[in-house]
Every structure is written in C-alpha cells, then in structure tokens.
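Undergrad: Provided below for reference: sequence and predicted model.
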Amino acid sequence: MSTLNDWLWLTTRTGLRVGEAAWLAQRLGGPQAVYCADAKEYELLRLPGELRRSLADKSMAAVERILSDCDRLGIDIMTMQDASYPERLRHIEHPPAVLYRKGRAFPLDQEVAVAVVGARRCTPYGANLADRLGRELAERGAVVVSGIAQGIDSAALRAALRAGGRVISVLGGGIDIVYPSSSADLFEEVGVRGMLLSEYPPGTPTLGPHYPVRNRIISGVSLGVAVVEAAGRSGALITARLSLDQNRDVFAFPGAVGAPMSEGTNRLIQQGEAKPIFSAQDILEEYENVYPGRIRPQKGRSAPVRQAAKRPEPAAEEPAAPLEEVDKSPERAYSTFQAEESSFTDDEKAVLLALGADSLHPDELTERADIPARRVLSALTLLEMRGCVKSGPGHVFTAVTVYRAAEPDSAHP
C-alpha cells in the first residue's frame, strides 16, 4: 500500500482533532505504522474512544473514493512528506498532514505571499481598501492569499486577478464544494488562474467550525497577514492571532474611531500587535531585502516631480545666526513645533515634548506628560501612524525627530 493511501486513510478517521494526524504519524513512526497498529497500541496513546474505533476500521473504501474524485476533478494531493509541501506550513503548530490543491502550482516558500482578510459584511470603505490592496500587491508581484467569502476576501482576490496577479484561496470545505454560491464565478477563476487549497477531501461540506481551523493555513503559507476591516469579534482577528503565534507579521488599516467595522483593526494597532498601513508599499517594504527580485518596482510611484519655486534674491546677506546647542545624540534630527504647530493636537505635543530624546514606556509618558493614560495611548497610536514615533521591544516609544517647543521671537513683540 502506498504512503499516499496511508495518509488519506489516517486523515479521514472520525474524531481526529486539529493536527492529530501528523502527531500520530510522528509518534508511531509514519502513517503506515498507524494503519498497522492494533487496538492495544491505540489505547496506550490514550486516544478518545471514537477515534480508537475509527482507527480500528482498516477499510480503504473511502480512500479509493477520494482518489477517484480527485482524478475526475483535476485535484492534486500533497502530503507533508512530499517535497512540494510548503515548508512554511511544515513548521507551524498543528500542520495539516494532507493538502488538496487545484489550479496553478508555484513554489510557495519562494514567494512573497500576503494574506488579506477581513469582514464579510464590510463597508464601502473596507471594500475599496481591499480592492486597492489586492491590486497593488498583484502589480508588485506578491501572491494574495485569502478565503473566498463575500466582502474583503472576494474583493481582494478579484482585484488581484484583474491585475494579472497570482492568488491562493484556502477553503473551509472540499474544493468541489462551491460556498458561498454567490462566489461561483470566483471559484472557477481561482481554480484556473490561481490556486484553490484545502485540507478537506472532495465532498466535505463547508461548515462553521472549519473556518478557524482553515485560518491557520491562510496565515501559515503567508509571510504576513493584512487585516482590512474587522469588528471587535471577527474571524479575521482569529487569523491575526494565529499569525502572531506563528511568528508572522500582522498589518492593519486604521479606521474611524468608533466605527464598528474598524474596532478590531484599531485595537490591533493600539495594542502594538499590528503595523498600521496605508498601502501595499507599507507591507512590501518589510520583504524587499529578504526576497530580492520577487517584488517589482512600484508603478507610477510618486506624484509628478515638482520644480522648486524660485525664491527672490535677498537684498543683502545677513550674518548667520549662531547654532543653538541641543541636548541630543548627533544622529538624531532636531525640530520645533513652529513649522507644524497646527498639525499636532495638544495631547500629541505634550507626548512629544515629554518623550524628548528618550525611549519611554506609555506609563512613564503618562507621568511625564501629566495626562490620562488612555489619551497618551491614543496620541502615540496617531503619532506612530504618521511616522513621528516608533515602537520598540518592551513596548517603549522613541521619537523619530526630537521635538522642542519653539521659543518666542523676542524681535517681534
């Protein structure tokens, strides 16, 4: 009997928990050893009764049916022993022992794969962001990974496909099960131009409990996960948590304060669990040096080059004012609020002045700035989004530029 048949038999046992097929194979010395084991060996592993009874059934009828369905539907099968199995998935907690694949095959471990996830019932704001992000990622050569649900998932996939990009959709059921029915055309297009991926054999219905299980694969094959829009309780946040557990990057679009569908993304940013983003470039800059040649230059990057306005010649050259000595390290830039007075809120100014040239925790800033902690955290979030401060290990913050209030001009009363 082939190893593939052993894996298919093992992964179709009733009562298996997430990742348990791979664990059993490792514990007993491979899928064939699991198949050949007797009831006493299963009992020694303290397996649940339902699973022990299913393991005692050595029939291969279900395996033959799966192989026949896959051959008929053009579905490839990968096991975790195959060279084509993604290395990124092999090292996550609870890796899927078997993957079913339809569509284009490309070496995932060499790709800049970015997952785009978010709410099914997204707002027009979220849908537009997902569309733009999917298009920009595809144009730059990244692989867009998502589910295939309505809302953020489908918006990102459709945009990436329109841009001629490569996509992967990870499903919560068999590859032959079109769900939701409204995405039937997208199923077909991804199955031809992209890749459909599932750990469930053909014929498996798409069920609610499958989604959190499926999400670990979405994050597992990706370098990072971008959350476009998410409520306070959302499946997208489960994917974000799994990403953090798998040591993946998490990105999030900030939304309006108080907007229900931005509560999840704003919370991720506030807690320092996600990097705030405004475009695909904010994501891809993390990988440009790690995956050279995989990311294409940004098309039509900046606005048209502006010619500097001609300044009138001074009537007479004035003596240069003496340089002011500033208590800061030589590599740090120095600025005052004079040029940006109207661009900062009172809280932001207080936080920047309290921060100075130091690296401080929000608790220390609360004491220095003498404003409530919640206002300090809010100001830090907005300042980090604008690139004025950056966070570091230990949740400490450092000003990118050392700020100081401008002195009043004594020459002009």
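TA: Looks like it arrived, so ask away.

Undergrad: Do me a favour and get the end-to-end distance for stretch 29-48?
TA: 20 Å (C-alpha to C-alpha, to the nearest Å).

Undergrad: buried residues in that stretch?
TA: Buried residues in stretch 29-48, counted by 16 or more other C-beta atoms under 10 Å: 30-32, 34-35, 37, 41-42, 47. C-betas here are computed from N, CA, C, even on glycine.

Undergrad: which residues sit against it?
TA: With C-beta atoms under 8 Å, 6 or more residues apart in numbering as the contact definition, stretch 29-48 has outside contacts at 1, 3, 6-7, 9-10, 15, 21, 24-25, 27-28, 51-52, 55-56, 58, 79, 97.

Undergrad: So which of the buried residues of stretch 29-48 is the closest to residue 354?
TA: Lowest distance from residue 354 to the buried residues of stretch 29-48 (C-beta to C-beta) belongs to residue 47, with 58.0 Å.

Undergrad: Mind telling me what element the closest one is part of?
TA: Secondary structure assigned from DSSP states H and E places residue 47 in neither a helix nor a strand.

Undergrad: Show me what the helix or strand hosting residue 403 is packed up against.
TA: Assessed by DSSP H and E, residue 403 sits inside strand 401-404. Identification of packing neighbours for strand 401-404 by 3 or more C-beta pairs under 8 Å, 6 or more residues apart in numbering; DSSP states H and E yields strand 333-336, helix 346-355.

Undergrad: what packs against the longest one?
TA: This means helix 346-355. Contact analysis of helix 346-355 by 3+ C-beta pairs under 8 Å, 6+ apart lists helix 362-369, helix 373-385, strand 389-392, strand 396-399, strand 401-404 as its packing neighbours.

Undergrad: circling back: tell me which of the contacts of stretch 29-48 fall in helices.
TA: Judged by DSSP state H, helices contain the following of the contacts of stretch 29-48: 3, 6-7, 9-10, 21, 24-25, 27-28, 51-52, 55-56.

Undergrad: ok, so of the residues you listed, who is nearest residue 199?
TA: residue 21 (9.5 Å).

Undergrad: Who's the closest spatial neighbour of the closest one, skipping the chain neighbours?
TA: Nearest non-adjacent residue to residue 21, counting by C-beta to C-beta, 6 or more residues apart in numbering: residue 97, 4.0 Å away.

Undergrad: quick one: the one you found and residue 158, what's the gap?
TA: Using C-beta to C-beta, to the nearest Å, residue 97 is found at 32 Å from residue 158.

Undergrad: just to revisit the earlier point, wait, doesn't the residue nearest to residue 21 sit right on residue 25?
TA: Yes - applying C-beta atoms under 8 Å, one finds residue 97 in contact with residue 25, separated by 6.7 Å.

Undergrad: any low-confidence regions in the protein?
TA: When the per-residue scores of the chain are filtered using pLDDT under 70, the ranges that remain are 1, 300-343, 374, 393-394, 404-413.

Undergrad: mind checking how far the longest helix seen in it is from the chain centre?
TA: Secondary structure of the chain read by DSSP H shows that its longest helix is helix 124-139. A distance of 14 Å separates the C-alpha centroid of helix 124-139 from that of its chain, computed with C-alpha atoms, centre = their mean, to the nearest Å.

Undergrad: Equivalent analysis for stretch 269-280, please.
TA: Relative to its chain's centre, stretch 269-280 lies at 10 Å (C-alpha atoms, centre = their mean).

Undergrad: Mind listing the strands the strand holding residue 403 pairs with, and their directions?
TA: With DSSP bridges as the criterion, the sheet partners recorded for strand 401-404 are strand 333-336 (parallel).

Undergrad: separation between the residue nearest to residue 73 when sequence neighbours are not counted and residue 12?
TA: Sequence neighbours aside, residue 176 is the residue nearest to residue 73 in space, at 5.5 Å (criterion: C-beta to C-beta, 6+ apart). The gap separating residue 176 from residue 12 is 16 Å, by C-beta to C-beta.

Undergrad: Counting neighbours, go ahead and name the busier of the two.
TA: When residue 176 is set against residue 12 and neighbours are counted by other C-beta atoms under 10 Å, the residue ahead is residue 176, at 21 against 18.

Undergrad: mind listing what the more buried one touches?
TA: The contact partners of residue 176, by C-beta under 8 Å, 6+ apart, come to 69, 73, 75, 202-203.

Undergrad: Can you list the helices and strands that the helix or strand hosting residue 187 packs against?
TA: Residue 187 is part of helix 184-193, with elements assigned from DSSP H and E. Helix 184-193 is packed against strand 98-103, helix 152-162, strand 167-170, with contacts defined by 3+ C-beta pairs under 8 Å, 6+ apart.

Undergrad: If you count contacts, what does the helix or strand following that helix end up packed against?
TA: Next helix or strand after helix 184-193 toward the C-terminus (DSSP H and E): strand 195-198. Under the contact criterion of 3+ C-beta pairs under 8 Å, 6+ apart, strand 195-198 touches strand 98-103, strand 167-170.

Undergrad: so what sits against both of residue 97 and residue 25?
TA: Residues touching both residue 97 and residue 25 (C-beta under 8 Å, 6+ apart): 7, 10, 31.

Undergrad: Was I right to think residue 388 contacts residue 397?
TA: No - look at residue 388 against residue 397 with C-beta under 8 Å: they stay out of range, at 10.0 Å.

Undergrad: buried subset of the ones in helices among the contacts of stretch 29-48?
TA: Burial by neighbour count, judged by 16+ other C-beta under 10 Å, picks out 6-7, 9-10, 21, 24-25, 28, 51-52, 55 from those.

Undergrad: one step back: so what touches the helix holding residue 187?
TA: Contacts made with helix 184-193 from outside it, assessed by C-beta under 8 Å, 6+ apart, are listed as 102-104, 148, 154, 157-158, 161, 166-167, 169, 175, 178, 196.
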